[in-house]
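# sequence plus the predicted model coming up.
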Amino acid sequence: MFLMDLQERNERLFYKLMIDNVEELLPVVYTPTVGEACQKYGSIFRRSQGLYISLKDRGRVLEVLRNWREKSIQVIVVTDGERILGLGDLGCQGMGIPVGKLALYTALGGVRPSACLPITIDVGTNNEELLNDEFYIGLRQKRATGQEYAELLDEFMAAVKQNYGQKVLVQFEDFANHNAFTLLEKYRPTHLAFNDDIQGTAAVVLAGLIAGLKFVGGTLADHTFLFFGAGEAGTGIAELVALEISMQSKVSQEDARKNIWLVDSKGLIVSSRKDSIQPFKKLYAHEHEPVKDLLSAIKDIKPTALIGSAGVGQSFTKEVIEAMSSINKRPIILALSNPTSRSECTAEQAYSWSQGRAIFGSGSPFDPVKYNEKLFVPAQANNAYIFPGFGLGVVISGAIRVKDDMVLAAAEGLAEQVSSEHFDKGLIYPPFSSIRKISANIAARVAAKAYDLGLASHLPRPRDLVKYAESCMYSPIYRSYR
Ligand SMILES: NC(=O)C1=CN([C@@H]2O[C@H](COP(=O)(O)OP(=O)(O)OC[C@H]3O[C@@H](n4cnc5c(N)ncnc54)[C@H](OP(=O)(O)O)[C@@H]3O)[C@@H](O)[C@H]2O)C=CC1
Ligand SMILES: CC(=O)C(=O)O
Ligand SMILES: [Mg+2]
C-alpha cells in the first residue's frame, strides 16, 4: 500500500527506489505480496491504477481506450483475472497483476512508465466469496463465456490496433488456460501478441536448463523431463524445450517430445487414458499404461528434471525429492508455482531432502539456505527475467509480430549471462541486482532476431544493439532545467 501510494505521488521516486533496491522490493511489488494484494484489492482500493473494460462497455471499447490519460502506449498487459498466480479466479481484483508486471517493465526493462497500460477485462467472476463481498470492485455476475466473451475480446483487440497501431505489445497475463491458448493462436497472426505464462515462462525455464547444463554437462536431448502441471506454464515450457532440442540435435520436434512427460490432475498424460485430453496436452500423450500419482510417475519415467507448475503447494514431498535424488546425481527441481503458498516445496526442503544435490529454482523467492556448512542461494525461476527485456527488444526494434524464434533468442540471451560463479552458489540465473543489464542483453537478442526475420520496422538497424537498448532505457532522474 505504501508503494502504491508512492507510485501515484512521485512516480520517478518510486522507480528510483525500485531500481536501487530491486531484490528487496521485487517480492512486494511482485510475487508473493502482489498475490495477497489482489486477494484484498477491494478493501485496499483507493484510486484506479489501470483501465477496466467491462461487458457493459461493449460497442464503445475504443472510446474507453481513448479515455486513458496517456496517448502513446508501447506495452499493454491485460488480464481477465480468471487465473491469478495459483490463487484462482480473482475477477477484477486481478488488476494488481498487470499493474505489478508493468512496474517491472519499467524498473527491470526500462520501458517508459507513461508508455505502459495495465488493463483488466471484466467479464464477471465465478468466485462466490468475491460476489458476496461488499467491497468487490467488479461486475457482480458469473463469468461470460462463449460468443459473448469472444466478441468482447475481439472488440478490444480491434480497438487496440485502431488506437495504437500494430506496434503495441499486448501481453496476455493470467487468463485461464481454456482461453489463453485460443487467444494467443487467434491474435498472434494479426497483432503483436505475447502470452507471458506460456511463452515468457517457457523462455525463463529453458534459459535455466541451458545454463545449468553448461556446468553439469550433457545436452537437453540427454535429459528426461517430467512436468507436474500440464497447463499454460507446463506445456508452454515443454514445447519450447522440444523446439530447442530439435534445433540442437537436428531431430524432428515429434522425436524431441519423446523424453518429455506431463502429469495433470488426472495423472500421467498417456495415450491409453480414457478421459478426453485437451489439444495442448495431446502432443505429449505417449504410449504408457495409466499412472495415477506423481511418485509412481517418477519411479516409472525416471526423469532427470522435475518441473512443477500445478499451483499445488507442498506437492513435492520428501518421498518425491528423495526419489528424484536416488535416480540422479544432480536432480533438477523447479518449483514454479506462485505465490509462495503454492510452491511445490521450499528451497530448504529441496536442498535438505536431496542432501544438497538439487539444482533448484522456484517461482517465488526463497532466502539462502545453509546445508552442511554450505550456503545455497536458490534461483528465482520466474518469467520476470524475460518479459521486461523481451518487451524492450520488441519496442526498440518496432517489431510487428512475436515469433517463437524471438522467444528462443530471449532464452539464449538470459542463459549466456550465467557464469560458473553464479552456478557454484546454486544459481541458474544471474542475480536480479543486475537485471537492467540482463534485460538490455535480452532486448538486443530479441531485436536482432526481429531484424533477421524482417519483422522490425525501426530502420536502419542499430549497429550495437546492446548499447542501443541501454540508451533507450528509462532512468528515473530529474531533468535539468538549465
Ligand atoms: N514461475 C513462473 O514464472 C510462473 C509460474 N506460474 C505458476 O504456475 C502455476 C500454474 O499456472 P498455469 O500453468 O498457467 O495454470 P493452468 O491452470 O494452465 O495449469 C495448471 C495445471 O496443473 C494441473 N493440476 C492442478 N491440480 C493438480 C493436482 N492436484 N495434481 C496434478 N496436477 C494438477 C492442472 O491439471 P488439469 O489440466 O487436469 O486441470 C493443469 O494441467 C501457477 O501457480 C502459476 O503461478 C505460471 C506462470 C509463470
Ligand atoms: C509469474 C507468473 O506469471 C505467474 O505466476 O502467473
Ligand atoms: Mg502470470
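Okay, I see it. Ligands and ions are numbered 1, 2, ... in the order given.
# do the one helix or strand residue 407 maps to and ligand 1 meet?
Using DSSP states H and E, residue 407 maps to helix 404-415. No - using C-beta under 6 Å from any ligand atom, helix 404-415 stays clear of ligand 1, with a minimum separation of 12.5 Å. C-beta here means a position set from N, CA and C on the backbone, and glycine is covered the same way.
# of all the residues in the next helix or strand after that helix, which ones are buried?
Going down the chain from helix 404-415, the next helix or strand is helix 420-425, by DSSP H and E. Within helix 420-425, the residues scored as buried using 16 or more other C-beta atoms under 10 Å are 422-423.
# okay, the helix or strand following helix 420-425 in CSV with CA atoms only?
Using DSSP H and E, the helix or strand that follows helix 420-425 in sequence is helix 435-452. Presented in CSV, the C-alpha positions along helix 435-452 are these (Å, rounded to 0.1, in the frame of the first residue of the first chain):
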residue,chain,number,x,y,z
ILE,A,435,18.6,-7.1,-14.1
ARG,A,436,18.8,-3.9,-16.2
LYS,A,437,22.0,-5.2,-17.8
ILE,A,438,20.4,-8.6,-18.3
SER,A,439,17.3,-7.0,-19.8
ALA,A,440,19.4,-4.9,-22.2
ASN,A,441,21.1,-8.1,-23.4
ILE,A,442,17.9,-10.0,-23.8
ALA,A,443,16.4,-7.0,-25.7
ALA,A,444,19.3,-6.9,-28.0
ARG,A,445,18.9,-10.6,-28.8
VAL,A,446,15.2,-10.3,-29.4
ALA,A,447,15.6,-7.2,-31.5
ALA,A,448,18.4,-8.8,-33.6
LYS,A,449,16.1,-11.8,-34.3
ALA,A,450,13.2,-9.4,-35.2
TYR,A,451,15.5,-7.7,-37.7
ASP,A,452,16.8,-11.0,-39.1
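# please enumerate residues in contact with whichever helix or strand comes after helix 435-452?
Using DSSP H and E, the helix or strand that follows helix 435-452 in sequence is helix 465-472. Outside of helix 465-472, the residues within contact range by C-beta atoms under 8 Å, 6 or more residues apart in numbering are 110, 392-393, 395-396, 439-441, 443-444, 447-448, 462.
# mean confidence score for helix 465-472?
Helix 465-472 carries an average pLDDT of 98.
# ok now it, how far from the chain's centre?
24 Å (C-alpha atoms, centre = their mean, to the nearest Å).
# now that helix against helix 435-452, angle please.
Orientation of helix 465-472 against helix 435-452 (axes from the mean of the first three to the mean of the last three C-alpha atoms, to 10 degrees) gives an angle of 120 degrees.
# sorry, back to before: now the contacts of helix 465-472: which count as buried?
110, 392-393, 395-396, 439-441, 443-444, 447-448, 462.
# just give the nearest non-adjacent residue to residue 107, would you?
Of all residues not flanking residue 107 in the chain, residue 18 sits nearest, at 4.0 Å (C-beta to C-beta, 6 or more residues apart in numbering).
# next one: the one you found from residue 389, what distance?
Residue 18 is 16 Å from residue 389, where distance means C-beta to C-beta, to the nearest Å.
# neighbour count winner among those two?
A count of neighbours by other C-beta atoms under 10 Å puts residue 389 above the other of residue 18 and residue 389, at 30 against 23.
# wait, isn't the more buried one in contact with residue 438?
Yes - Residue 389 is within contact range of residue 438, at 6.5 Å (criterion: C-beta atoms under 8 Å).
# which positions in the stretch 51-200 of the chain make contact with ligand 2?
85, 174, 196-197.
# near ligand 1, which of those show up?
85, 197.
# adding distance to residue 286, write the residues of the stretch 51-200 of the chain next to ligand 2 out as TSV.
Shown next, in TSV, are these (distance: C-beta to C-beta, whole Å):
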residue	distance to residue 286
85	30
174	30
196	28
197	24
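# among the residues of the stretch 51-200 of the chain next to ligand 2, which two are most distant?
85 and 196 (12.0 Å; C-beta to C-beta).
# residue ranges with poor pLDDT in this structure?
Counting by pLDDT under 70, the chain contains no low-confidence range.
# okay, buried residues for stretch 33-43 please.
33-35, 37-39, 41-42.
# one more: stretch 184-192?
Residues of stretch 184-192 classed as buried: 184, 186-188, 191-192 (neighbour count, 16+ other C-beta under 10 Å).
# residues in contact with that stretch?
157, 160-161, 166-170, 172, 193, 195, 198-199, 394, 399-402.
# which ones among those residues map onto strands?
Applying DSSP state E to these, the entries found in strands are 169-170, 172, 193, 195.
# quick check: the farthest pair among those residues?
Farthest pair in the ones in strands among the contacts of stretch 184-192, by C-beta to C-beta: 169 and 195, 11.5 Å.
# host element of the residue in the chain that ligand 2 sits nearest to?
Per C-beta to the nearest ligand atom, residue 338 is where the chain lies closest to ligand 2, at 3.7 Å. For residue 338, there is no helix or strand it lies in under DSSP H and E.
# that one contacts residue 363, correct?
Yes - taking contacts as C-beta under 8 Å, residue 338 lies within contact range of residue 363: 4.4 Å.
# of the two, who's got more company?
A side-by-side neighbour count of residue 338 and residue 363, using other C-beta under 10 Å, places residue 363 first with 29 against 24.
# what sits against residue 137?
Residue 137 neighbours (C-beta under 8 Å, 6+ apart): 41-42, 45, 92-93.
# for residue 152, same thing?
53, 55, 58, 61, 121, 123, 144.
# so what's the fifth one up against?
Pointing back at residue 121 there. Residue 121 neighbours (C-beta under 8 Å, 6+ apart): 53-54, 78-80, 152-153, 156.
# so which of those residues is the closest to ligand 1?
Nearest member of those to ligand 1, counting by C-beta to the nearest ligand atom, is residue 79, at 11.8 Å.
# let me see the contact set for the closest one.
94-95, 97-98, 119-121, 172-175.
# redo that, cut-off 10 Å
38, 50, 90, 92, 94-98, 101, 118-121, 171-175, 196 (C-beta atoms under 10 Å, 6 or more residues apart in numbering).
# ok, and of these, which contact ligand 3?
residue 174 (C-beta under 5 Å from the ion).
# got a quick ChimeraX command for the buried subset of the contacts of residue 79?
In ChimeraX, this line selects whichever of the contacts of residue 79 come out buried by 16+ other C-beta under 10 Å:
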select :38,50,90,92,94,95,96,97,98,101,118,119,120,121,171,172,173,174,175,196
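# which residues in the stretch 251-400 of the chain form strands?
260-264, 267-268, 305-308, 332-335, 359-362, 369-371, 374-376, 379-380 (DSSP state E, counting those that start in this stretch).
# smallest distance to ligand 1 belongs to which residue of the stretch 151-300 of the chain?
Nearest residue of the stretch 151-300 of the chain to ligand 1 (C-beta to the nearest ligand atom) works out as residue 231 at 1.9 Å.
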